[in-house]
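sequence and predicted structure are below.
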There are 2 protein chains.
Amino acid sequence: MAIAVVANEENSMNKPDTKPVQIGELAKNLGITTRTIRYYEEIGLMGRTERLGGGTRTYTKEDILRLKFILKLKTMGISLKEIQELSDIFDIHEKDFTMLTPKLIEILDNHIARVDEKMANLSSLRKDIVEYRIRMTEFLTQHDRT
Amino acid sequence: MAIAVVANEENSMNKPDTKPVQIGELAKNLGITTRTIRYYEEIGLMGRTERLGGGTRTYTKEDILRLKFILKLKTMGISLKEIQELSDIFDIHEKDFTMLTPKLIEILDNHIARVDEKMANLSSLRKDIVEYRIRMTEFLTQHDRT
DNA sequence: ACCGTATATTACGTAAAGGTAAACATATTC
DNA sequence: GAATATGTTTACCTTTACGTAATATACGGT
């Protein structure tokens, strides 16, 4: 239940449908490719999940929440490297989500600052470009007249 | 004189020091590396400049202005690929800067729009992160009490 | 002529986040 | 049981803007 909070779970009816899902279906549901899921496992974002006899990966509800959490952080512009740090903490402390929260908040705070900075930069950049554009236009019209 | 307008030339005393410069000194003056200059030539941003007998590159005042122009566009976030388009036009029309201006304005307009979009995205992103951060904090304090 | 520094060319390395292909095993469906 | 779909691993490809190294000449001054 803990991680559901952070993965934006809707919790509609909470059916106990604990039927593990395979990678293809999961990918389709989440709108990503299987390569992405395997890649996340490869770099240690997902703990290694259960496999069927032949090696086919299966994903429990918890696994899926974890993946959704990763995707959520990604949409917020957190890099996979930062998410790795979180994953490490999460796994080291035997999936105790509370151990993860302080670091998460730290990263988020950090990220807010970065976003603020970026916005300031873009704002001044925009001014530059517009100014430049005006000079160009003037230059052009002067040449039209001559 | 034409390109001087766009490269932000200070035009302090306008000494006729038309002594061609070599790549190392030029790089130092502009605060970039020689690799960068050669790279720009490699991908066609700089027309091939004159060489000394042994093949050493030399740069005239015009060449330097062209390079400054490229750097100026870069600081505004224009990609080298876009600058290539401009360079192509410039070279095709035998270095007539007026032929280049419409495309330049188009690129700048385009770029302003992109910057605006980025800023809007960052703004909503910031909201998301802050909201999320608040939820995390609440989650944490609840667990402290229990 | 010689020395030390600058330059030339070629070519591989880097970071991020996967894409894509090859070659194979497994699972499902008719 | 053959065809089809899905899964597996390994490993090289992509983009951007150069960094870095290796090797070979060239330039400038004495």
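Right, received. Where do you want to start?

could you use CA atoms for every contact and neighbour count after this?
Noted.

how about the residues of chain A near chain B?
Residues of chain A lying close to chain B (Cα under 8 Å from any Cα of the partner chain) are A:6, A:76, A:98, A:101-102, A:105, A:108-109, A:112, A:115-116, A:119, A:122-123, A:125-126, A:128-130, A:132-133, A:136-137, A:140, A:143.

ok, of those residues, which come out buried?
For those, a burial check counting by 16 or more other Cα atoms under 10 Å in any protein chain shown picks out A:6, A:76, A:98, A:101, A:105, A:108, A:112, A:115, A:119, A:122, A:125-126, A:129-130, A:132-133, A:136-137, A:140.

can you narrow the residues of chain A next to chain B to ones near DNA strand D?
Among the residues of chain A next to chain B, no residue lies close to DNA strand D (Cα under 7 Å from any atom of the strand).

give the contact list for the one residue sitting closest to the centre of chain A.
Central residue of chain A (Cα atoms, centre = their mean): residue A:74, 1.3 Å from the mean position. Residue A:74 sits next to residue A:80 when contact means Cα atoms under 8 Å, 6 or more residues apart in numbering or on different chains.

which is the next helix or strand following the helix or strand harbouring it?
Using DSSP states H and E, residue A:74 falls within helix A:61-75. Using DSSP H and E, the helix or strand that follows helix A:61-75 in sequence is helix A:80-92.

between the following helix or strand past that following helix and helix B:97-145, how many degrees?
The C-terminal neighbour of helix A:80-92 among helices and strands, as given by DSSP H and E, is helix A:97-145. Counting by axes from the mean of the first three to the mean of the last three Cα atoms, to 10 degrees, helix A:97-145 lies at 160 degrees to helix B:97-145.

off-centre distance for helix A:97-145?
21 Å (Cα atoms, centre = their mean, to the nearest Å).

kindly report the same for stretch A:83-97.
16 Å.

please point out which parts of that stretch sit buried.
A:83, A:84, A:85, A:86, A:87, A:88, A:89, A:90, A:91, A:95, A:97.

would you convert the residues you listed into TSV that also reports distance to DNA strand C?
Formatted as TSV, those follow (distance: Cα to the nearest atom of the strand, whole Å):
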residue	distance to DNA strand C
A:83	9
A:84	9
A:85	12
A:86	14
A:87	14
A:88	15
A:89	18
A:90	19
A:91	19
A:95	22
A:97	22
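
dump those residues into TSV; add distance to residue A:68 and pLDDT as well.
Shown next, in TSV, are the buried residues of stretch A:83-97 (distance: Cα to Cα, whole Å; pLDDT from 0 to 100):
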residue	distance to residue A:68	pLDDT
A:83	12	92
A:84	14	92
A:85	17	90
A:86	14	90
A:87	13	91
A:88	17	91
A:89	18	91
A:90	15	91
A:91	16	90
A:95	15	85
A:97	15	82
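
for those, which one is nearest residue A:40?
Using Cα to Cα, residue A:84 is the member of these that lies nearest residue A:40, at 9.4 Å.

and the closest one, what is it in contact with?
Per Cα under 8 Å, 6+ apart, neighbours of residue A:84: A:43, A:44, A:45.

with residue A:125 instead?
By Cα under 8 Å, 6+ apart, the neighbours of residue A:125 are residue B:76.

which parts of chain A sit against DNA strand D?
Residues of chain A lying near DNA strand D (Cα under 7 Å from any atom of the strand): A:22, A:23, A:24, A:25, A:34, A:38, A:51, A:55, A:56, A:57.

low-confidence ranges, chain A, go.
Low-confidence segments of chain A (pLDDT under 70): A:1-18, A:146.

those residues of it touching DNA strand C, which are they?
So far as Cα under 7 Å from any atom of the strand goes, chain A lies against DNA strand C at A:33-36, A:39, A:52-56, A:78-81.
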